[in-house]
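Novice: Below: sequence and its predicted model.
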Number of protein chains: 2
Amino acid sequence: MKLNYHHLYYFWQVAKSGHLTRTAEALHVSQSSLSQQIRQLEERLGQALFIREGRQLHLSEAGRLAFDYAETIFTQGEELSALFAEGGHAHREVVRVGAVATLSRNFQEGFVRPLLGRDDLDLILQSGGMDDLLRRLSAHKLDVVLSNQPVRGDSEHPWRSQRLARQPVSLIASPNLSPPPTFPKGLSGHAFILPGVENATRHAFDQLCSHYRLTPKIAAEVDDMAMMRLLARDTQHIAVMPPVVVRDELHNGTLKDYGALPGVWEEFYAITIQRRFESPSLKALLTRSGESLLD
Amino acid sequence: MKLNYHHLYYFWQVAKSGHLTRTAEALHVSQSSLSQQIRQLEERLGQALFIREGRQLHLSEAGRLAFDYAETIFTQGEELSALFAEGGHAHREVVRVGAVATLSRNFQEGFVRPLLGRDDLDLILQSGGMDDLLRRLSAHKLDVVLSNQPVRGDSEHPWRSQRLARQPVSLIASPNLSPPPTFPKGLSGHAFILPGVENATRHAFDQLCSHYRLTPKIAAEVDDMAMMRLLARDTQHIAVMPPVVVRDELHNGTLKDYGALPGVWEEFYAITIQRRFESPSLKALLTRSGESLLD
DNA sequence: ATAAATCGTTCTTTAAAACAGAACGAATAG
DNA sequence: CTATTCGTTCTGTTTTAAAGAACGATTTAT
């Protein structure tokens, strides 16, 4: 037996105002009809939503609960309705991309680049924390989340993490460092700017160091790639990061790539919710080869 | 003309599976009926939701949009339905309190204390960032948010900020500080642990200092009250904070209150959404006098 | 190549629901 | 203590959703 949304709607309206007769007038239905529909909803749910005290209606605890749900349901519905009402015009395609705020901006740009030239669609880019972004993804406020970590989905949150690209991780520093650092030997005297410990790249780097019995001096731990880029530029320390982050600086000579670390990769994932009808533009983004994202 | 939620429901089901006939069977209705209801929805919205290609249905851009809304609407509905289905039992009262994570724990506890003894209701306490909490409040996932700052509501977010209490702010430090600090003179040689600049208390403190032409040495800026408490306890610096935060330490002599700062207050606000039927327990919490919250 | 099956739409009839109106009862107001 | 207000219940009416048959288009099978 299905929930009757029209009954719920009437309940919502009455609960909002607290008066049956007034609501009936506002909705242009008879109070008798309204009363009946609400009673049917109560029978369907198996519990009283209103407490009848004299000729007044008060929300019961169950009613309060139902009201909260009704509120989100029908505000969504009204939003939808308004969206279609405002313009009879056809809807433009929209692609909404969320990106973990600590992710490389160059990578983000590379991902959405194919969409930038198109004037037949709207691109919405939002950054934020992982939790926040995943919540928005679940609420269908985002189409895809970009992250440097995969996420395991479960039955409640059927997320799908797809690796878009992997990028070697290099030693990046000022070009006039002397002696020039090399890996694994030739690091003494230098301090490092590293990704934070929650980062998978950092984990790989630590493993590599422990393999070569190295205990590098740590100048800073930074989780934001944009911040790391600034620190690499403005200090004499060695940053451990993918070259793509500092593409411009490498090109104009502000920074130098002292070589990739073997077996250490920064990975990029697209997290989506599996759905039957994917936006064709988004689908195209996700099925590209990894190289084009990083050049 | 109102949006028909039954039509939307059918649309949602068909859009999920992509097949009209199969969905009709699953819902135990005829495919003709299903087809008609969806057509009526399209007429109501003024746009095609499906693109008919041969005998296949594809979501149009408008359809994709509508589908996202339908998804949140009906998952909410199903959640509601499940909630009432699982137990025919009467629903216990629930009060859901959100608190800004940086807020004093003692204050939080004082706020919810009247509810702790009651076994006829469930108390849900969540902490998080202001943005996150306000979002949950708007989504009716929380009944009230506790904060040390008021929030201006608007027509879209009709928040109401109510001041629950104000608390003097004192100089708090180790009891064996010598010379004992006094305000405004007698602070030289001491360093301070201060709330972060986004905190209203910090602002008042800075104003006070500038009035007395003081430039205090800052040892640390901390936005989390629990953290501040630890630092006050484990350093020889002077913390600027309300005594309520360190009530226990003051009582057992671990810390000492060197006097309140004139005109500096830490304020506590309850942020709610105005509604017709407030939970009686919550209402009782909000109408208490401020004193009982802080003792 | 052509018949058969599949799938969605449209038209018409039938069943179900939402609805309005009247009668009723209880609580509030003058 | 009588009017009025407000929610409920009962009955007949109207509207809406549903089913069935006919149709057209596309895919599959022979």
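Specialist: Noted; the coordinates are in hand. Numbers count the residues shown, from 1 in each chain, chains lettered A, B, ... in the order given.
Novice: And the helices in chain A?
Specialist: Using DSSP state H, the helices of chain A run over A:5-17, A:20-27, A:31-45, A:61-86, A:105-116, A:130-138, A:200-211, A:225-234, A:247-252, A:280-286, A:291-294.
Novice: wait, which of the ones you listed is closest to DNA strand C?
Specialist: Among the helices of chain A, the nearest to DNA strand C by C-beta to the nearest atom of the strand is helix A:31-45 (3.1 Å). For glycine as for every other residue, the C-beta is placed from the backbone atoms N, C-alpha and C.
Novice: May I see the buried residues of that closest one?
Specialist: By 16 or more other C-beta atoms under 10 Å in any protein chain shown, the buried positions in helix A:31-45 come out as A:31, A:34, A:37-38, A:41-42, A:44-45.
Novice: Which residues of the stretch 101-250 of chain A lie near DNA strand D?
Specialist: Contact residues, the stretch 101-250 of chain A versus DNA strand D (C-beta under 7 Å from any atom of the strand): none.
Novice: Now the residue in the stretch 101-250 of chain A that chain B sits nearest to: closest residue in space that isn't a chain neighbour?
Specialist: Residue nearest to chain B within the stretch 101-250 of chain A: A:His140 (4.0 Å; C-beta to the nearest C-beta). Using C-beta to C-beta, 6 or more residues apart in numbering or on different chains and skipping the chain neighbours, the partner closest in space to A:His140 is B:Asp68 (4.0 Å).
Novice: so what pLDDT did the residue of the stretch 151-295 of chain A found nearest DNA strand C get?
Specialist: Across the stretch 151-295 of chain A, the shortest distance to DNA strand C (C-beta to the nearest atom of the strand) belongs to A:Arg276, at 12.3 Å. Here, the pLDDT recorded for A:Arg276 equals 82.
Novice: From DNA strand D, how far off is it?
Specialist: In this view, A:Arg276 and DNA strand D are 18 Å apart by C-beta to the nearest atom of the strand, to the nearest Å.
Novice: One more: A:Ser188?
Specialist: A:Ser188 sits 68 Å away from DNA strand D, going by C-beta to the nearest atom of the strand.
Novice: and if you look at A:Pro262?
Specialist: Counting by C-beta to the nearest atom of the strand, the gap from A:Pro262 to DNA strand D is 50 Å.
Novice: thinking again about what came up before, phi first, then psi, for the residue of the stretch 101-250 of chain A closest to chain B.
Specialist: Backbone torsions of A:His140, given as degrees, to the nearest 10, read phi 60, psi 30.
Novice: before we move on, what about the one 3 residues further on?
Specialist: Backbone geometry at A:Asp143, expressed as degrees, to the nearest 10, gives phi -100, psi -30.
Novice: For the residue nearest to it when sequence neighbours are not counted, give me the pLDDT.
Specialist: Spatially, and ignoring its direct neighbours in sequence, A:Asp143 is nearest to A:Arg96 (4.9 Å; C-beta to C-beta, 6+ apart). Reported pLDDT at A:Arg96 in the predicted model: 93.
Novice: If A:Arg96 is in a bridge, with which residues?
Specialist: In this entry, A:Arg96 is beta-bridged to A:Ile124, by DSSP bridges.
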